[in-house]
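**Student:** Predicted model follows, preceded by the sequence.
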Amino acid sequence: MALEKKSFVFETLPAGLADLKARPEADLKDPYGVLALYVAALCVYPKDKDAALEMIDFLRGPRPMSPMDKQFLRDRFMDGKDYLGPSYFAGAVPANNYTPAEPWTITIEEGAHSKDQLGEGYLKLFLTSGGADNPRGCTLRTKPSTGEWFLWEYSGSVMGIRIPVSQDEWA
């Protein structure tokens, strides 16, 4: 059985919620698309925290971010870690300071146990960062009454990765 893999292309990244909602993935029917939009929101965070949080709240659906969730995200971006989001796009690696190839392309993959590990209504998908040795898992949850998918658990996606060469005094 082949594992599903989907790629999404961004000519430009959304700058805020209106731009995000203009993307076809914003219908929230495809969990892979929801995760792609989440990574785009991570790219906005260093420039406009409020816009990024609004985007992430939309992707979380009926369960908005708590103050603790917002603090967790703020802590992950401390000390100039603006490269976390871009690191998930094709071509972005420490050697080029996480500068993605254009257009920005992200590939999201299913894991061997993506569908059976968490139970009915949940799906764990994986993102590959150019600065991490292993893919980062994110869990999505479906709302059966609407068929929409929402972010459920994604803390692993903002954990540390190798620093870009421009910030590495040993490079």
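**Tutor:** That came in fine, so what should we check first?

**Student:** residues touching the closest residue to Y83 other than its chain neighbours, list them.
**Tutor:** Leaving aside its sequence neighbours, Y83 sits nearest to Y98 (C-beta to C-beta, 6 or more residues apart in numbering; 3.9 Å). In short, each C-beta sits where N, CA and C put it, glycine included. Applying C-beta atoms under 8 Å, 6 or more residues apart in numbering, we find Y98 in contact with 83, 86-87, 92, 130-131, 164.

**Student:** which one of the residues you listed is nearest D57?
**Tutor:** Taking C-beta to C-beta as the measure, D57 sits nearest to P86 out of the contacts of Y98, at 21.5 Å.

**Student:** Once you drop chain neighbours, what's closest to that closest one?
**Tutor:** Y98 (4.6 Å).

**Student:** quick one: pLDDT of the residue most central in space within the chain?
**Tutor:** Nearest to the mean C-alpha position of the chain, by C-alpha atoms, centre = their mean, lies V39 at 2.7 Å. pLDDT for V39: 98.

**Student:** sec struct for it, please.
**Tutor:** helix (DSSP: H, G, I helix; E, B strand; the rest coil).

**Student:** I'd like to know which of the contacts of Y98 are buried.
**Tutor:** 83, 86-87, 92, 130-131, 164 (16 or more other C-beta atoms under 10 Å).

**Student:** Return the residues in contact with P135.
**Tutor:** Per C-beta under 8 Å, 6+ apart, neighbours of P135: 109, 111, 126-129.

**Student:** Taking the residues you listed together, which two end up most distant?
**Tutor:** G111 and S129, at 15.4 Å, using C-beta to C-beta across the contacts of P135.

**Student:** Low-confidence ranges, this structure, go.
**Tutor:** Within the chain, the stretches with pLDDT under 70 are 1-2, 113-118.
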